[in-house]
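Peer 1: Below are the sequence and a predicted model for it; my questions follow.
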Amino acid sequence: MDITTKIAHFTSPLYLESGRILEPFDIAYETYGKLNEKKDNVILICHALSGSHHAAGLYAGDRKPGWWDGLIGDGKAIDTTKYFVICSNTIGSCFGSTGPMSEQYPSSEPYRLNFPVVTIKDMVKAQMQLLSSLGIHSVRAIIGGSMGGMQGLQFAVDYPNFAKDIIVLASTYATQPWAIAFNKVAIEAIRRDPRFNNGNYAKDEFKEQGCDGLAIGRIAGHISYLSPDSMNEKFGRAYVSNDGLFELFGRYEVERYMEYNTSNFSKIFDPLSYLYIVKAINTFNLSRGYESLHDAVSRIKAKVHLISFSGDMLFLPREMEHLAKMLKRNGQKYSYNEIESNYGHDAFLVELEKFDYIIKDVLELADS
């Protein structure tokens, strides 16, 4: 599988939904496979909150492949011997695209809290600018889970003729109070961390010790990505063997797991980027800018394929089902599958064997 990683630089302004302008800006992106002469074999992958443009394959010296490596590759559901696959890092992130710790031109100082609030609509608009610069004016399919699914739906509504198929996993048409409440824990934990210093920290401040506020907030997020059943199955009531049961801070295995995963995460993910991306998720509402959700959905011309997971406690299956029913009433092209899963929200990243055949069938059917 051919893997290419690049950063595209844009001097033309990106007009944001807030009314502010981002200029200049960069977008980091990765491609897999080869673009054919007609440029009609393109599949766009959209990442979730903590993801990046590195969706598949291994970098030299790495032990862990890209976050959707099980789906993307030669002979896999998203077959890179057939398709030219692109995944870009969203604006606001911290993995190469312009975000709050990027230099605020013409100064060499980071934006920090001067960075404008970005929305899912803005992320999509930036990706359209990237694809246009590559000479790509339509794609075979757009595929994404969670926040990536939000981007897929926004593409479908704002650019109705851009994609033939939109595949959305574990997502929603508008972020609900339950999810916003989980995100609030992370927001407040970061803001109240003394080392966060209202965003005035050095670029490498958290590389060694991590950001405690982000680690705590990520625990809340991680709980929402799992489910009671998956936690019972994974940990049960097992206690850390070298921690005393009657020590005040002795831990159950589930506690140690949360500590380990979230502590590592807080060393690699920028806390300001986390705040900005969470804001984009919280403000996501497919109907904003249109008279109603029905009005927004009625614009869609692509075939929309919705995949939910029964154990998802963050974006409930009924949210995806609501969209499916609306598409059905409108006589629009769609499919809906609720996957039986006890894993939780992150099933779209973990239990690939439960839905990869759906993605493969969608792509093969349209190619036949």
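Peer 2: Everything's here; your move.
Peer 1: Next up, identify which helix or strand residue 280 is on.
Peer 2: Assigning secondary structure by DSSP states H and E places residue 280 in helix 271-282.
Peer 1: residues in contact with the least confident helix or strand in the chain by mean pLDDT?
Peer 2: None of the helices or strands of the chain scores lower by mean pLDDT, DSSP states H and E than helix 356-367, at a mean of 90. Residues from elsewhere that reach helix 356-367 (CB atoms under 8 Å, 6 or more residues apart in numbering): 43, 70-71, 76-79, 82-83, 140-141, 143, 164-165, 167, 303, 305, 307, 335, 337. Where you see a C-beta, it was placed from the backbone N, CA and C, and this is true even at glycine.
Peer 1: Could you list which of these belong to strands?
Peer 2: 43, 78-79, 140-141, 143, 164-165, 167, 303, 305, 307, 335, 337 (DSSP state E).
Peer 1: quick revisit: name only those of the contacts of helix 356-367 that count as buried.
Peer 2: Buried members of those, counted by 16 or more other CB atoms under 10 Å: 43, 70-71, 76-79, 82-83, 140-141, 143, 164-165, 167, 303, 305, 307, 335.
Peer 1: can you give me the helices in the chain?
Peer 2: 120-133, 147-158, 177-191, 212-225, 228-235, 253-268, 271-282, 293-297, 317-330, 347-350, 356-367 (DSSP state H).
Peer 1: what's the closest of those to residue 104?
Peer 2: Residue 104 lies closest, by CB to CB, to one member of the helices of the chain: helix 271-282, at 12.8 Å.
Peer 1: by how many degrees do that closest one and helix 212-225 diverge?
Peer 2: Angle, helix 271-282 to helix 212-225, by axes from the mean of the first three to the mean of the last three CA atoms, to 10 degrees: 30 degrees.
Peer 1: tell me the mean pLDDT over helix 271-282?
Peer 2: Averaging pLDDT along helix 271-282 yields 98.
Peer 1: who touches it?
Peer 2: Residues contacting helix 271-282 (CB under 8 Å, 6+ apart): 49, 90, 92-94, 99-101, 112-113, 115, 117-120, 122-123, 147, 150, 175, 179-180, 183, 186-187, 190-191, 193, 196, 199, 206, 211, 213-214, 217.
Peer 1: contacting residues for residue 77?
Peer 2: Per CB under 8 Å, 6+ apart, neighbours of residue 77: 71, 352, 356-357, 359-360, 363.
Peer 1: of all the residues you listed, which comes closest to residue 171?
Peer 2: residue 359 (14.6 Å).
Peer 1: For that closest one, give its distance to residue 165.
Peer 2: 10 Å (CB to CB, to the nearest Å).
Peer 1: what does residue 311 give?
Peer 2: 26 Å.
Peer 1: OK, contacts around the residue of the chain positioned farthest from its centre?
Peer 2: The outermost residue of the chain relative to its centre, with distances by CA atoms, centre = their mean, is residue 246 at 40.7 Å. Contacts for residue 246 were tallied using CB under 8 Å, 6+ apart; there are none.
Peer 1: Offset the numbering so it begins at 58, please.
Peer 2: Okay, using 58 as the starting number, the last item reads as residue 303.
Peer 1: Roughly how far does it sit from residue 209?
Peer 2: From residue 303 over to residue 209 (counting by CB to CB), the distance is 51 Å.
Peer 1: and what of residue 146?
Peer 2: From residue 146 to residue 209 the distance is 16 Å (CB to CB).
Peer 1: These two: which is more packed in?
Peer 2: residue 209 (30 against 26; other CB atoms under 10 Å).
Peer 1: Quick check, pLDDT for that one.
Peer 2: 98.
Peer 1: Which residue is the nearest non-sequential neighbour of residue 315?
Peer 2: Sequence neighbours aside, residue 276 is the residue nearest to residue 315 in space, at 4.9 Å (criterion: CB to CB, 6 or more residues apart in numbering).
Peer 1: what about that neighbour, neighbour count?
Peer 2: Going by other CB under 10 Å, the residues that sit close to residue 276 add up to 19.
Peer 1: repeat for the one 4 residues further on
Peer 2: The number of residues packed near residue 280 is 18, by other CB under 10 Å.
Peer 1: who are the neighbours in contact with it?
Peer 2: With CB under 8 Å, 6+ apart, residue 280 has these contacts: 239, 315.
Peer 1: okay, it: pLDDT?
Peer 2: In this model, residue 280 carries a pLDDT of 95.
Peer 1: Could you list the domains of the chain?
Peer 2: Recorded structural domains for the chain (assignment: automatic domain parsing) are 60-232+342-424, 236-337.
Peer 1: Residue 90 is in contact with residue 132, correct?
Peer 2: No: under the criterion of CB atoms under 8 Å, residue 132 makes no contact with residue 90, lying 11.6 Å away.
Peer 1: joint contacts of those two?
Peer 2: residue 138.
Peer 1: the more surrounded of the two?
Peer 2: residue 90 (24 against 9).
Peer 1: quick one: that one from residue 377, how far?
Peer 2: Residue 90 is 29 Å from residue 377, by CB to CB.
Peer 1: Nearest the middle, which residue of this structure would you pick?
Peer 2: With distances taken as CA atoms, centre = their mean, residue 105 lies nearest the centre of the chain, 1.0 Å away.
Peer 1: which ones are touching it?
Peer 2: 201-205, 406.
Peer 1: what separates it from residue 257, distance-wise?
Peer 2: In terms of CB to CB, residue 105 sits 28 Å off from residue 257.
Peer 1: nearest residue to residue 93 other than its sequence neighbours?
Peer 2: residue 141 (7.1 Å).
Peer 1: quick one, what contacts that neighbour?
Peer 2: Here residue 141 is in contact with 88-93, 98-100 (CB under 8 Å, 6+ apart).
Peer 1: Using TSV, please lay out these together with pLDDT and distance to residue 350.
Peer 2: Shown next, in TSV, are those (pLDDT from 0 to 100; distance: CB to CB, whole Å):
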residue	pLDDT	distance to residue 350
88	98	34
89	97	34
90	96	35
91	96	39
92	96	35
93	95	37
98	97	33
99	98	29
100	98	27
